[in-house]
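# Provided below are the primary sequence and the corresponding predicted coordinates.
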Amino acid sequence: MFEAGFLGTRALWFMDIVTLWFAALPFLMGGAILLIKGGYEKGHKRAQTLLFAVTLAMVVLFEVGVRFTGGFVAYAEESGVEFSSLAVFLAVHVLIAVAAVAGWAWLLIDALRSYGGSETVAATHKRNGVIVFSGMTVTSLMGVTIYGMLFMT
């Protein structure tokens, strides 16, 4: 976990894994959305549940890894980017990420409770799904950007 990464940067292995996951996540979520558009409700439900579970596992891997390797300040000190800029960008990223993941959790729980619900439930779920997808996409883009700022400068 704490070995050198494989993406050719200064990042450790766990950072490379987490970054690749979040770089792929919007595309994977998009694929899960295509499942429901194709009428595959069970596939959509399974895919979203799996994506959410793996995302939570990646967040845990990231948090444990960062704590054991000196934290954000240690990484920022090795970066060529000004600390205050990094800190502000990180703070905005964390706020959006927490909101997006919490929204995704709520959406998933609500969908599992009302699975096979009415057209009104489906319309609300679709609208909230667009919001969650957008939030997770922004979170992913910002996370990949932070990776670049910390390990590629």
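Thanks, I have the structure now. Numbering: from 1, shown residues only.

# just how off-centre is stretch 41-49 within its chain?
18 Å (Cα atoms, centre = their mean, to the nearest Å).

# Helices of the protein, start to end?
Listed in chain order, the helices found in the chain under DSSP state H are 13-37, 41-68, 71-78, 83-113, 119-151.

# now those in JSON lines, with mean neighbour count and distance to Phe2?
The way it works is simple: take the backbone N, C-alpha and C, and place the C-beta from them, glycine included. JSON lines is the format used below for these (neighbours: other Cβ atoms under 10 Å; distance: least, Cβ to Cβ, whole Å):
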{"stretch": "helix 13-37", "mean neighbour count": "17", "distance to Phe2": "7"}
{"stretch": "helix 41-68", "mean neighbour count": "15", "distance to Phe2": "7"}
{"stretch": "helix 71-78", "mean neighbour count": "13", "distance to Phe2": "13"}
{"stretch": "helix 83-113", "mean neighbour count": "15", "distance to Phe2": "21"}
{"stretch": "helix 119-151", "mean neighbour count": "17", "distance to Phe2": "15"}
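
# Out of the ones you listed, which gets nearest to Ala4?
Between Ala4 and the helices of the chain, the shortest gap by Cβ to Cβ is with helix 13-37, which sits at 6.8 Å.

# just to revisit the earlier point, could I get the helices of the chain in TSV, plus columns for mean pLDDT and distance to Gly5?
Formatted as TSV, these follow (pLDDT from 0 to 100; distance: least, Cβ to Cβ, whole Å):
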stretch	mean pLDDT	distance to Gly5
helix 13-37	97	4
helix 41-68	96	11
helix 71-78	92	13
helix 83-113	96	19
helix 119-151	92	8
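
# Any chance of CSV for the ones you listed, columns distance to Met1?
Shown next, in CSV, are those (distance: least, Cβ to Cβ, whole Å):
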stretch, distance to Met1
helix 13-37, 5
helix 41-68, 6
helix 71-78, 16
helix 83-113, 21
helix 119-151, 16
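
# Quick one, which of those gets closest to Glu3.
helix 13-37 (4.8 Å).

# Run the chain-centre distance for that closest one.
Distance, centroid of helix 13-37 to centroid of chain: 8 Å (Cα atoms, centre = their mean).
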